[in-house]
Structure formats: structure tokens, C-alpha cells
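In: What follows is a predicted structure for the sequence shown.
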Amino acid sequence: MDPDDAADLLSELPEEEKERLLTLMRPSDAADVRRLMAYEERTAGGLMTTEPIVLRPDATVADALARVRQQDNSPALAAQVYVCRPPDETPTGKYLGTVHFQRLLRDPPFTLVGALIDSDLPPLGPDTPLPAVTSYFAAYNLVAAPVVDESGSLLGAVTVDDVLDHLLPDDWRETEFHAPHERAERERAERDEGVRGG
């Protein structure tokens, strides 16, 4: 389970149950979850994941594309890489900027990502409220955005799916828009089962 999803789940539990479950986690995972739970839920810090794709400025486009291709990256997180000074895990050293996937596809494999940074994209602060995060995504047409603290360290990234989860009604998956898709999936599964069984 991703740290941001674990933090959301644990935040709904009583304090002693939350602590019990945190002690069962690997220490590094528990530290990420605790860090996320320290932020207000409807802020960039409360929405972010602590596992974006982070590269040093001397990494090449080939290095970046290899990281983007890893199966455990969500499409939103794979849409860009964040260039930072060491350490490479969040919170990182100084955040230098973002390189978008499209840019990685256009440049030669040996190009250094430090030369491709989008300098027009300001990062979000961890206390940025949800309405401002939403406006930021709309203004810059993004699927993920960097979250940087006052010292300039990358803390994580907010993805558009996490923003939408907080904007849409709780029952949005049961709405007319989503229901036909689920019905088609169910009918396809029943048809496939009938073919195999019959």
C-alpha cells in the first residue's frame, strides 16, 4: 500500500489502534506515514505521496526513462521526474525542478536531466490548501505536482487522482457515469466464465 493511502486509512482509526499498526510496519514505511499524517488532510502535504521519481541532475535521459518504465509507478507519477541534490529519498536535498515525460522522449538518451528542467513550474508548499492545489493543477495542466518545504527539499508529489478523491462526492463510483463501466465489466466477466465453464 502506498504511504499516502496508508496515512488516509490510519487517520480514520482510534489513536491506540493507529500506533499499534504503525509499530507493525517497517520503520522506514512507518516514518513516511507518520510524516504524512502530520499534515492537515486537505493540504498538499496531506494529499502527497512520499515516493515520486527523484533523480540527480547528472542522471541521463536514459536513466530517467528507465525509472519511469518501472511497473510500480502510477501513470501520474511517471509523467515527470523531480531533479534534486542528494539524498535521493524524500525529504531530498535541494529541489532543482521538474522534467516532464514528453521532454524525456524528445531528447537524446545521453542528455543530462539537469539541463532539461522546467523552470516555469513553481512547487507547492506542504500547507497549500486544497482549493489552491486544485487551481494549480488547472493552471499548469498537470497530473502531478512537486511539494517542497521552506528549506527547498522535495517532500513528495501530489497526484491528480488524490486531488479528485477529495473533490468528488464519496459515492462518485456509484454514479451513472461510473455504473455503465462496472456493469460492462461484470457482464464481460460473466460471459468469460460461461465460455470457460460451458
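Out: Perfect, thanks for sending it.

In: mind checking which helix or strand of the chain has the lowest mean pLDDT?
Out: Lowest on mean pLDDT, DSSP states H and E among the helices and strands of the chain sits helix 179-197, with a mean of 66.

In: do you know how far Asp8 is from Asp165?
Out: Per CB to CB, to the nearest Å, Asp8 is found 9 Å from Asp165. Just so you know, the C-beta spots here come from the backbone N, C-alpha and C atoms, and that holds for glycine as well.

In: These two - which one has more neighbours?
Out: Between Asp8 and Asp165, counting by other CB atoms under 10 Å, Asp8 is the more crowded of the two (20 against 14).

In: all strands for this protein, in order.
Out: 54-55, 80-84, 95-100, 144-148, 154-159 (DSSP state E).

In: among those strands, which is nearest Pro27?
Out: strand 154-159 (18.3 Å; CB to CB).

In: Rounded mean pLDDT for the closest one, please.
Out: Averaging pLDDT along strand 154-159 yields 96.

In: Can you name the residues in contact with that strand?
Out: Around strand 154-159, the neighbours that count as contacts under CB atoms under 8 Å, 6 or more residues apart in numbering are 4, 35-36, 44-45, 47-52, 54, 74, 76-77, 82, 84, 90-92, 95, 123-124, 126, 133, 143-149.

In: now do 7 Å
Out: 44-45, 47-50, 52, 54, 74, 76-77, 82, 84, 90-92, 95, 124, 126, 133, 143-149 (CB atoms under 7 Å, 6 or more residues apart in numbering).

In: want to throw the strands of the chain into JSON lines with distance to Glu17?
Out: Formatted as JSON lines, the strands of the chain follow (distance: least, CB to CB, whole Å):
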{"stretch": "strand 54-55", "distance to Glu17": "32"}
{"stretch": "strand 80-84", "distance to Glu17": "34"}
{"stretch": "strand 95-100", "distance to Glu17": "35"}
{"stretch": "strand 144-148", "distance to Glu17": "28"}
{"stretch": "strand 154-159", "distance to Glu17": "25"}
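
In: now the ones you listed in CSV, with distance to Asp118 and mean neighbour count?
Out: As requested, these are exported to CSV (distance: least, CB to CB, whole Å; neighbours: other CB atoms under 10 Å):
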stretch, distance to Asp118, mean neighbour count
strand 54-55, 14, 22
strand 80-84, 8, 27
strand 95-100, 5, 22
strand 144-148, 10, 27
strand 154-159, 14, 28
